[in-house]
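A.B. asks: dropping a prediction and its sequence here:
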Amino acid sequence: MKKVLIVALLVLGIVTASSATLVTNMNQSALYLRLLSRNASTDVDAVYYNPAGLVLLKDGWHFGLNNQTVFQTKTIANDFLFLNAHSYEGKVNVPFFPDVYVVYKKNKLAFSFGVGPSAGGGTADFSKGLPSFEWQFAALPALISGMGIPTTKYSTDIAFKGSSIYLGFQFNVSYALSDSISAALGARYVSAKNTYEGHINNVMVNPTFAPYGFTGAMISAKTFFTTIGQTAYAALMADKAVEAEQTALGITPVMSLNFRPAAGLDVAVKYEFRTKLEFTNKTTKDDINMFPNGAKSRSDVPAFFSIGAGYEIMPELRATASFNYFFDKNAHWDGREKFVNSNSYDFALGVEYDVSQALVLSAGYLITQFDLASGYQSDIAHDMGANTFGCGARIKISPSFDVDLGVMVPSYKTDQKVISYVTSSGTNLGTYEERYSRTTFAFAVGLNFHL
């Protein structure tokens, strides 16, 4: 049963928000949600997407305040014969996902600062556990019946909650090398924190065996195994709880270039280096000895390369395209990276139209592609490619103040794998299919000030 709690806690190490990548959060502004393509941004969110493009802003101060709200449901269907339920849901609710940007531009120079959740974000709540938490308990009736004591039911109280946030503080210096070429150098300081809280309580079974007074009523599994002299099993049935925290610090160097080969056309490239993150445990309760206080583990943010283009088709109509390539195979995830067959990537198109001087409407489309071995996917941590749709508007309140509103809805591909269930004693309980699906809805509000 120790393995049950081990895998239960692994899932809480990475709590994804709405980004479709394996680790990195690309959704860093309300502008992103309403266009889905920001790699050639020359607006205030270029602090994150295209720092070299900031020299194209007007001289002065520029501020961007954004918040996203994300709702996600992960559904796992499992055909394992003995489970009480064959469908499990995990809820990820992120009411606050803020990003703040500040830019000062003067002549050929721009200095900028940004802060936001560069990875992770939110709280995952698995109020009824997952198949990998529960299947060994589900096998108890068969195990006990095999001892000659008829048993048909089990129950248990399994719940886990975890949060994860990788907060990034980014600084950039941008410079116009000429009228058509600009460059930027920057770095992001990443402060990462994962928290875990969970329990497995009240494991119950309904044995029938008159010599011991078992009548078929539900009783504590620990009491049952103690009564029949199976002290090792009894110890495994005891209530267990975990309260732990992991923290890590890292630096991400960032380089970018922006080209303006013709009026109305911007082409931008950026490279972000890998962020090495070594987490250290701070544990207050650990009944399974899985989070030794002070122990270390790795969970890097992979390097990635981006390229984008923005083109003014006519004064009131603009289009943009973005491509991101993530070097997942070169990240260190304590061995999990070996199940990445090839690096992930995404491609996006966006368009916006000025309805009037006060209103801009926009829409975007994003496709995300993964190539993952079956060993990567589990009910605990699974990723699927997606087709994402976004739309929104900009409301121009005044020449110095505007509001962005965006909505994003990914449509995820489904995935499945076949699992063989074998108990710790070597008993083969059969092979069953497990299926993964997911839904996400996100909306954002952004406030932009120009002084």
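C.D. replies: Here it is on my side, so go on.

A.B. asks: state the distance from the residue lying farthest from the centre of the chain to residue 149.
C.D. replies: With distances taken from the mean C-alpha point of the chain and given as Cα atoms, centre = their mean, the most distant residue is residue 211, at 52.9 Å. Noted for residue 211: a distance of 10 Å to residue 149, by Cβ to Cβ, to the nearest Å. (C-beta placed from N, C-alpha, C; glycine too.)

A.B. asks: please apply the same query to residue 118.
C.D. replies: 54 Å.

A.B. asks: cool, and residue 73?
C.D. replies: From residue 73 across to residue 149, the span is 40 Å (Cβ to Cβ).

A.B. asks: of those two, who's got more company?
C.D. replies: Shown here are residue 73 and residue 149; by other Cβ atoms under 10 Å, residue 149 has more neighbours (18 against 14).

A.B. asks: hmm, that one is touching residue 207, no?
C.D. replies: Yes: Residue 149 lies in contact with residue 207 (Cβ atoms under 8 Å); the separation is 4.8 Å.

A.B. asks: need the phi and psi values for the residue farthest from the centre of the chain.
C.D. replies: Torsion angles at residue 211 (phi, psi; degrees, to the nearest 10) stand at phi -60, psi -30.

A.B. asks: tell me the spacing between it and residue 416.
C.D. replies: Distance, residue 211 to residue 416, using Cβ to Cβ: 45 Å.

A.B. asks: quick one: stretch 412-419 to chain centroid distance?
C.D. replies: Mean-position distance between stretch 412-419 and its chain equals 18 Å (Cα atoms, centre = their mean, to the nearest Å).

A.B. asks: need the residues touching each of residue 149 and residue 207.
C.D. replies: residue 214 (Cβ atoms under 8 Å, 6 or more residues apart in numbering).

A.B. asks: you'd agree residue 380 is in a strand?
C.D. replies: No: under DSSP: H, G, I helix; E, B strand; the rest coil, residue 380 sits outside any strand and is assigned coil.

A.B. asks: that one and residue 130 touch, don't they?
C.D. replies: Yes: under the criterion of Cβ under 8 Å, residue 380 makes contact with residue 130 at 6.6 Å.

A.B. asks: who has more neighbours out of those two?
C.D. replies: residue 130 (24 against 20).

A.B. asks: is it true that that one touches residue 89?
C.D. replies: No: assessed by Cβ under 8 Å, residue 130 is found out of contact with residue 89, at 9.5 Å.

A.B. asks: what do those two both touch?
C.D. replies: Listed as contacting both residue 130 and residue 89 by Cβ under 8 Å, 6+ apart are residue 76.

A.B. asks: any low-confidence regions in the stretch 101-250 of the chain?
C.D. replies: Within the stretch 101-250 of the chain, the stretches with pLDDT under 70 are 120-124.

A.B. asks: in which helix or strand would I find residue 235?
C.D. replies: Using DSSP states H and E, residue 235 maps to helix 231-236.

A.B. asks: ditto for residue 222
C.D. replies: Following DSSP H and E, one finds residue 222 within helix 221-227.

A.B. asks: tell me where the stretch 1-150 of the chain has helices.
C.D. replies: Taking DSSP state H, counting those that start in this stretch as the criterion, the stretch 1-150 of the chain carries its helices at 2-10, 30-35, 46-49, 131-138, 140-145.

A.B. asks: Serialize the ones you listed to a markdown table and add fields for mean neighbour count and distance to residue 257.
C.D. replies: Listed next are the helices of the stretch 1-150 of the chain as a markdown table, based on neighbours: other Cβ atoms under 10 Å; distance: least, Cβ to Cβ, whole Å:
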| stretch | mean neighbour count | distance to residue 257 |
| --- | --- | --- |
| helix 2-10 | 18 | 39 |
| helix 30-35 | 30 | 21 |
| helix 46-49 | 30 | 13 |
| helix 131-138 | 22 | 46 |
| helix 140-145 | 20 | 61 |
